[in-house]
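Visitor: I'll drop the sequence and a predicted model, then ask my questions.
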Amino acid sequence: MALDLSIGFSQAEVEALFAKQKKLLLKLTVQFSDSGSTVTYRAISDCEKIIKACQTALAKMDPATYGEPSARVKKTEVEDFDL
């Protein structure tokens with residue numbers, strides 16, 4: 001279940017969290033070394049989830065500024081359809 005920041009947080013709090021996560025996203029790198037080889041990659045999964053939750057909450061709180069929340073259809077079903 002996705003984190004719903006529109007419940008219990010003010011718009012200012014969500015905007016502040018969003019700004020912090022954006023800064024953190026630029027810094028997140030992980031580096032591994034073994035036998036002379038070095039690998040560096042960005043570990044963004046947690047940060048990405050929080051950013052998505054912030055975007056969704058801001059769209060709910062202020063759709064005029066942040067756009068309408070997505071209204072995707074997840075499942076459709078038609079039964080007994082006669083022409």
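Guide: Thanks, I have the structure now.

Visitor: which SSE is the residue nearest the centre of the chain in?
Guide: Ranked by distance to the mean C-alpha position of the chain (Cα atoms, centre = their mean), the top residue is K52 at 1.1 Å. Using DSSP states H and E, K52 maps to helix 45-61.

Visitor: E15 and G8, how far apart?
Guide: 15 Å (Cβ to Cβ, to the nearest Å). Where you see a C-beta, it was placed from the backbone N, CA and C, and this is true even at glycine.

Visitor: more crowded one of those two?
Guide: Higher neighbour count among E15 and G8: E15, with 17 against 7, using other Cβ atoms under 10 Å.

Visitor: nearest spatial neighbour of the more buried one, skipping sequence neighbours?
Guide: Nearest-residue entry for E15: L58, 7.0 Å, with adjacent residues in sequence omitted and distances by Cβ to Cβ, 6 or more residues apart in numbering.

Visitor: count of residues packed around the one you found?
Guide: 20.

Visitor: which residues does it contact?
Guide: 11, 14-15, 18, 65-66 (Cβ atoms under 8 Å, 6 or more residues apart in numbering).

Visitor: swap the cut-off to 10 Å and go again
Guide: Counting by Cβ atoms under 10 Å, 6 or more residues apart in numbering, L58 makes contact with 5-6, 11, 14-15, 18, 65-67, 69.
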